[in-house]
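Asks: I'd like to go over a predicted model; first the sequence, then the structure.
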Amino acid sequence: MRLIRLIANLGYGSQRDVKAMIKDGLVTRADGSVLDDTSKVAHEDIRVDGEPLDPPPGLVLMLNKPEGYTCSTSDPGRVVYELLPPRFMHRNPIVAPVGRLDRDSSGLLLLTDDGPLAHRVTSPKRHVPKTYEVTLARPLTGEEGAVFASGTLMLRSENTPLAPAELMVTGPQTARITITEGRYHQVKRMFAAVGNHVERLHRAAIGGLDLGDLPEGQWRMLTPDEITLVIAPQSR
């Protein structure tokens with residue numbers, strides 16, 4: 001791929017913008033030698049204004065999403081892209097959320113430009129577990145775990161029962177719940193079905209990957225081993 005198109009596809013600007021950057025000598029090798037559009041050079045050896053080029057397609061990152069941000073490129077309120085380098089939204093293909101977290105939910109959000117990987121994580125057929133920490137409006141009754149694990153719970157307007165889910169009670173009004181589906185507002189609707197209300201929802205893990213010590217509002221790229229943690233079958 002020609003250098004102009006490569007850099008433009010990574011969101012650094014239009015092809016016209018990148019052409020101007022090359023003309024101004026802002027695109028170089030690591031040793032500082034100036035590149036032109038016909039240069040043949042390894043991706044990791046390219047610098048833009050002295051900085052290493054962003055990773056090629058296949059980028060996967062994790063974001064510790066705060067409450068109040070929408071998983072969208074455009075919204076009247078705040079969007080998750082405000083927490084990332086602006087060029088990530090302009091890559092081709094775009095770096096997009098893997099599944100969603102509602103505006104009022106927080107926690108682990110994956111984003112990638114790898115469509116097949118995103119499908120693999122979100123497809124109901126893959127049964128990738130997602131673990132959430134919930135704070136409830138009312139105390140738990142002690143019966144919720146059996147109901148959620150039964151595999152017979154029907155949500156309103158649904159035609160098929162939910163797959164079994166695991167509940168770990170962590171306090172009178174707090175719990176961790178692990179589900180393997182991704183139905184609309186599933187966790188909130190599950191607790192509504194047993195007469196409670198979720199006041200706070202925080203996604204703690206996807207597959208075998210958790211947030212670790214990543215601060216709220218921060219992001220980082222995943223290593224190949226961490227990507228494997230997300231999609232590898234989990235022992236239950």
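Replies: Here it is on my side, so go on. Numbers count the residues shown, from 1 in each chain.
Asks: Which residue comes closest to the residue nearest the centre of the chain once chain neighbours are left out?
Replies: When Cα atoms, centre = their mean is applied to the chain, the residue found nearest the centroid is Leu110 (1.6 Å). Take Leu110 and drop its neighbours on the chain: the residue closest to it by Cβ to Cβ, 6 or more residues apart in numbering is Val98, 4.0 Å away. The C-beta positions use only the backbone N, C-alpha and C, and glycine is treated the same way.
Asks: burial count for that neighbour?
Replies: Neighbour count for Val98, taken as other Cβ atoms under 10 Å: 22.
Asks: Pull the residues that contact the longest strand that the chain contains.
Replies: For the chain, the longest strand by residue count, based on DSSP state E, is strand 198-206. Strand 198-206 has contacts (Cβ atoms under 8 Å, 6 or more residues apart in numbering) with 98, 101-102, 104-110, 121, 128-137, 176, 187-188, 191-192, 210-211, 230.
Asks: So which of those are in helices?
Replies: Val121, Val187, Lys188, Phe191, Ala192, Val230 (DSSP state H).
Asks: give the contact list for the nearest residue to the last one once chain neighbours are set aside.
Replies: When you say that, I think you mean Val230. Nearest residue to Val230 in three dimensions, chain neighbours excluded: Gly207, at 4.1 Å (Cβ to Cβ, 6+ apart). By Cβ under 8 Å, 6+ apart, the residues touching Gly207 are Val121, Val128, Pro129, Leu229, Val230, Ile231, Ala232, Gln234.
Asks: Next, format those residues as CSV and append pLDDT and distance to Thr28.
Replies: Formatted as CSV, those follow (pLDDT from 0 to 100; distance: Cβ to Cβ, whole Å):
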residue, pLDDT, distance to Thr28
Val121, 93, 37
Val128, 94, 41
Pro129, 95, 45
Leu229, 93, 36
Val230, 93, 35
Ile231, 86, 37
Ala232, 82, 39
Gln234, 65, 45
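Asks: how far does stretch 56-76 sit from the chain's center?
Replies: 6 Å (Cα atoms, centre = their mean, to the nearest Å).
Asks: In CSV, could you pull the C-alpha coordinates for that stretch?
Replies: Extracted C-alpha coordinates of stretch 56-76, given in CSV (Å, rounded to 0.1, in the frame of the first residue of the first chain):
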residue,chain,number,x,y,z
PRO,A,56,-1.9,-1.3,11.6
PRO,A,57,-5.4,-2.7,11.3
GLY,A,58,-6.1,-5.3,14.0
LEU,A,59,-5.8,-2.8,16.8
VAL,A,60,-7.6,-3.9,20.0
LEU,A,61,-7.8,-1.7,23.1
MET,A,62,-9.6,-1.6,26.4
LEU,A,63,-11.2,1.4,27.9
ASN,A,64,-12.3,1.9,31.5
LYS,A,65,-15.5,3.7,30.6
PRO,A,66,-16.9,6.2,33.1
GLU,A,67,-20.6,6.8,33.5
GLY,A,68,-22.0,9.5,31.3
TYR,A,69,-20.3,8.6,28.0
THR,A,70,-22.2,7.1,25.0
CYS,A,71,-20.8,4.4,22.7
SER,A,72,-21.4,6.4,19.6
THR,A,73,-19.5,8.6,17.2
SER,A,74,-22.1,11.4,17.6
ASP,A,75,-24.4,12.2,20.4
PRO,A,76,-25.7,15.4,22.1
